[in-house]
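Engineer: 3D, please:
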Amino acid sequence: MAARRYQESSIRVLKGLEPVRERPGMYTRTADPTHIIAEAIDNAADEALAGVATRIDVTVHADHSVTVEDDGRGIPVGLHPVEKIPTVELVFTRLHAGGKFDKRDGEGAYAFSGGLHGVGVSVTNALSRRLEVEVKRDGKLQRIAFADGDVAEPLRTVGSVGPKVTGTKVRAYPDPRYFDAPDVSLAELERLLRAKAVLLPGVTVTLYVEKGKEVRAQTWSYPDGLRGYLTELAGSAEPVAPIFAGEAYLGKPKDGDTFAEGEGAAWAIGWYEDGGGAGESYVNLIPTAAGGTHEAGMRAALFEAVKSFVDHHGLLPRGARLQTEDVSARTHFVLSARILDPQFQGQVKEKLASRDALKLVALTIKDPLEVWLNANVEVGKRIAELAIAQAQLRMKSAQKIEKRKGSGVAVLPGKLTDCESEDVSRREVFLVEGDSAGGSAKLARDKQYQAILPLRGKVLNTFEVDRDRLFANNEIHDIAVAIGVDPHESPAAANLKNLRYGRIIIMADADVDGSHIKVLLLTLFFRHFPGLIANGHIQVAHPPLFRIDVPPAGKRPARKLYALDDDELATIEDRLAKEGVKSASWSVGRFKGLGEMNPEQLWETTMNPETRRVAAVRVAAGEVDDTHQVFARLMGKTEAAARREWMERDGNAVAVDV
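Structural biologist: Purely as a prediction, here's the structure:
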């Protein structure tokens, strides 16, 4: 077949909303249109969060369209000073346009909102065959309509309203071409709106559903706030102690403070005999179904406060040891965090990734809980008994696992700094490049379940080494003894009954040498320990390459950000510019290696399970042979010619840090 011509006209630039329509799954969930409607609801909720709206009405029409209406300030309709088009048109037709970027004093529309992705309702418009917007503002009722993302009816005045009447009404007709199912999920919509009512005191939230000529209406109101909502979520289950509920938000920051004024959280937490550690969490009213760092901060606060109470009253039996999950395993909770600049994983915003949120929520909840426990000692003892019972159950289960292990144990390598926990599923060992990084890792680790094995230099290239000669290399010998697994031919031949760690994490510098060490270790595991890869035990840590020190700006105090690589650094710098931070006022430092990080930085960026970036190593089904060929080309001693050919052919596609 003749090769296609590759020339200047072959390069296509996606403009406006085209990227969304080309790859909708990158911007929203495509199972049904619920999430694009949620974007419009979130905008109305942001008005309520800002204290300028008291009503949110959502109508699901019989023709599959959905209307979202609020009595907020109304989207501005005047010409944008830079783009020279009506601002309401800009909001619905441009990605990364909105009133949530500039959070400096008084210059942004919102101090707190559901993130800075900046795509929001423009995605709603892009994936709707028609979208109509009515704005009540400045005594006028104005209307604009879009079709397939483009303006179909320009902005015009269609009526008048009272001088104090304001608000926005958006009616979207989702395009079924982009979704697996054409209708919104009423169950999910009800959960979302009910949660908005809980989290927005004084705001009335109503859902109308048209069924033929009938309209079913449901209004939510929670005078008891999060406490009442948690009681509803728990159903008939009775807590072993009164529900612990409260809220705390920070005042004006002092010099050196990490967090901004107004940041904090509201919460309701109950302990139940049959609790499962489950609940609902939100960030600036955005539901985070997959949890994230704010939930991790809540669990850390619960653990620290309950452990302090247990220690103070001498309640812990001999031989028992509390861990974080023991305290939170029997809870139901509702958590609502308020964060100035939340960072989410992905546009659907289901998981919070902001590292500072862990410290913020832990700081917010821990002290009030300690005060509450010590003011209600009998209540505290009931909660402590529940946590201790959970710890004893966990330890008993771990002992059963230990009994199945063989009695003969090889002498562990002397440079291995082992962990204390006997629960293999929680234990993890870091294979760390060099003694310097190993020293920092030992100081940074959680000694309960994290072990450190420093490696001196680069391990042997084992791709063509016979299995019976592996242990001639001291580093490989130490790795095998430390993890408790012998080399094997195939996943089926692996004997993992003596496996000592649930996760074996490769942690090397974020540079060329570090990448080489990762490849050498991955070669070892792929060729001689494939069972570990097949069962998900091998993982690779991704430490940051850059640290960005950002000076104070308006309400935002000084902060430290981390970037994995040049692309992420550019993204962060672009975001800082959009936030209004003065250009080049921040400083960028490049880590020369893991050993250059202090223990706190290493823990926060690379070792803390709640904030680190760690990728599991997997070989896709049916691709073992292809993967073997790639390793052969890269690591085979007789493949120099093939490597040269590959580099000459595809070398320009490889990003190399020299």
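Engineer: show me the contacts for residue 316.
Structural biologist: 310, 322, 388 (C-beta atoms under 8 Å, 6 or more residues apart in numbering). All C-beta atoms are positioned from the backbone trio N, CA, C, and that covers glycine.
Engineer: which residues sit in contact with the first one?
Structural biologist: When contacts are counted by C-beta under 8 Å, 6+ apart, residue 310 touches 316, 322, 384, 387-388.
Engineer: Now rank those by neighbours and give me the top one.
Structural biologist: In terms of neighbours by other C-beta atoms under 10 Å, the contacts of residue 310 top out with residue 387 at 27 neighbours.
Engineer: In a helix, that one, correct?
Structural biologist: Yes - counting by DSSP: H, G, I helix; E, B strand; the rest coil, residue 387 is part of a helix.
Engineer: per-residue pLDDT, it?
Structural biologist: At residue 387, the predicted lDDT confidence score is 94.
Engineer: quick one on the thing from earlier: and the contacts of residue 310 as JSON lines, adding distance to residue 290?
Structural biologist: Below are the contacts of residue 310 laid out as JSON lines (distance: C-beta to C-beta, whole Å):
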{"residue": "316", "distance to residue 290": "33"}
{"residue": "322", "distance to residue 290": "26"}
{"residue": "384", "distance to residue 290": "30"}
{"residue": "387", "distance to residue 290": "25"}
{"residue": "388", "distance to residue 290": "30"}
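Engineer: For burial, what's the neighbour tally of residue 296?
Structural biologist: Per other C-beta under 10 Å, the neighbour tally for residue 296 reads 21.
Engineer: I misspoke; the intended subject was residue 59.
Structural biologist: There are 18 residues near residue 59, going by other C-beta under 10 Å.
Engineer: show me the contacts for it.
Structural biologist: By C-beta under 8 Å, 6+ apart, residue 59 lies in contact with 66-67, 69, 207-210.
Engineer: following the host helix or strand of it, which helix or strand comes up?
Structural biologist: In this structure, residue 59 sits in strand 55-60 according to DSSP states H and E. Using DSSP H and E, the helix or strand that follows strand 55-60 in sequence is strand 66-70.
Engineer: got a list of contacts for that next one?
Structural biologist: By C-beta under 8 Å, 6+ apart, strand 66-70 touches 33, 37, 40-41, 43-44, 47-48, 53, 55-61, 167-172, 174, 184.
Engineer: Just the buried residues of the helix or strand following it, please?
Structural biologist: Counting by DSSP H and E, the element after strand 66-70 in chain order, helix or strand, is helix 87-93. Within helix 87-93, the residues scored as buried using 16 or more other C-beta atoms under 10 Å are 87-93.
Engineer: on contacts alone, who are the packing partners of helix 87-93?
Structural biologist: Under the contact definition 3 or more C-beta pairs under 8 Å, 6 or more residues apart in numbering; DSSP states H and E, helix 87-93 sits against helix 120-126, strand 128-137, strand 140-147, strand 150-160.
Engineer: what is the mean pLDDT for it?
Structural biologist: 91.
Engineer: before we move on, what about stretch 316-325?
Structural biologist: Stretch 316-325 carries an average pLDDT of 90.
Engineer: now do the same end-to-end measure for that stretch.
Structural biologist: 16 Å (C-alpha to C-alpha, to the nearest Å).
Engineer: mind listing what's buried in it?
Structural biologist: Taking 16+ other C-beta under 10 Å as the criterion, stretch 316-325 shows 316, 322-325 as buried.
Engineer: got it, and stretch 434-441?
Structural biologist: 434, 437-441.
Engineer: Which of these sits closest to residue 376?
Structural biologist: Closest approach to residue 376 among the buried residues of stretch 434-441 (C-beta to C-beta): residue 441, at 40.6 Å.
Engineer: for that closest one, helix, strand, or coil?
Structural biologist: helix.
Engineer: please begin residue numbering at 628 from this point
Structural biologist: Happy to do that; since the first residue is 628 now, the last one works out to residue 1068.
Engineer: what about the helices in the stretch 728-877 of the chain?
Structural biologist: Remark: helices assigned in the stretch 728-877 of the chain by DSSP state H, counting those that start in this stretch are 747-753, 813-826, 852-861.
Engineer: Shouldn't residue 1215 be within a strand?
Structural biologist: Yes - Residue 1215 forms part of a strand when assessed by three-state DSSP.
Engineer: pLDDT below threshold where in the stretch 978-1127 of the chain?
Structural biologist: Within the stretch 978-1127 of the chain, the segments meeting pLDDT under 70 span 1025-1037.
Engineer: would you list every one of the strands in it?
Structural biologist: 1055-1060, 1077-1082 (DSSP state E, counting those that start in this stretch).
Engineer: could you dump those strands to TSV with mean neighbour count and distance to residue 1128?
Structural biologist: Converted to TSV, the strands of the stretch 978-1127 of the chain look like this (neighbours: other C-beta atoms under 10 Å; distance: least, C-beta to C-beta, whole Å):
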stretch	mean neighbour count	distance to residue 1128
strand 1055-1060	26	5
strand 1077-1082	25	7
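Engineer: Select, out of these, the one closest to residue 864.
Structural biologist: Closest to residue 864 of the strands of the stretch 978-1127 of the chain is strand 1055-1060 (C-beta to C-beta; 33.9 Å).
Engineer: what angle do that closest one and strand 1077-1082 make?
Structural biologist: 30 degrees (axes from the mean of the first three to the mean of the last three C-alpha atoms, to 10 degrees).
Engineer: partners of the helix or strand hosting residue 897 in the sheet?
Structural biologist: Assigned by DSSP H and E, residue 897 belongs to strand 891-898. For strand 891-898, the paired strands and their directions (DSSP bridges) are strand 871-876 (antiparallel), strand 958-965 (antiparallel).
Engineer: nearest to residue 1040, of these?
Structural biologist: Closest among the strands paired with strand 891-898, using C-beta to C-beta: strand 958-965, at 39.8 Å.
Engineer: quick one: contacts of the closest one?
Structural biologist: With C-beta under 8 Å, 6+ apart, strand 958-965 has contacts from 739, 825-826, 853, 856-857, 860-861, 864, 876, 889-899, 902-912, 921-922, 925, 929, 979, 984, 987-988.
Engineer: ok, now with 7 Å
Structural biologist: Applying C-beta atoms under 7 Å, 6 or more residues apart in numbering, the contact partners of strand 958-965 are 739, 826, 853, 856-857, 860-861, 876, 889-899, 902, 904-911, 921-922, 925, 984, 988.
Engineer: now that strand, how far from the centre of its chain.
Structural biologist: In this view, strand 958-965 has its centroid 16 Å away from the chain centroid, taken as C-alpha atoms, centre = their mean, to the nearest Å.
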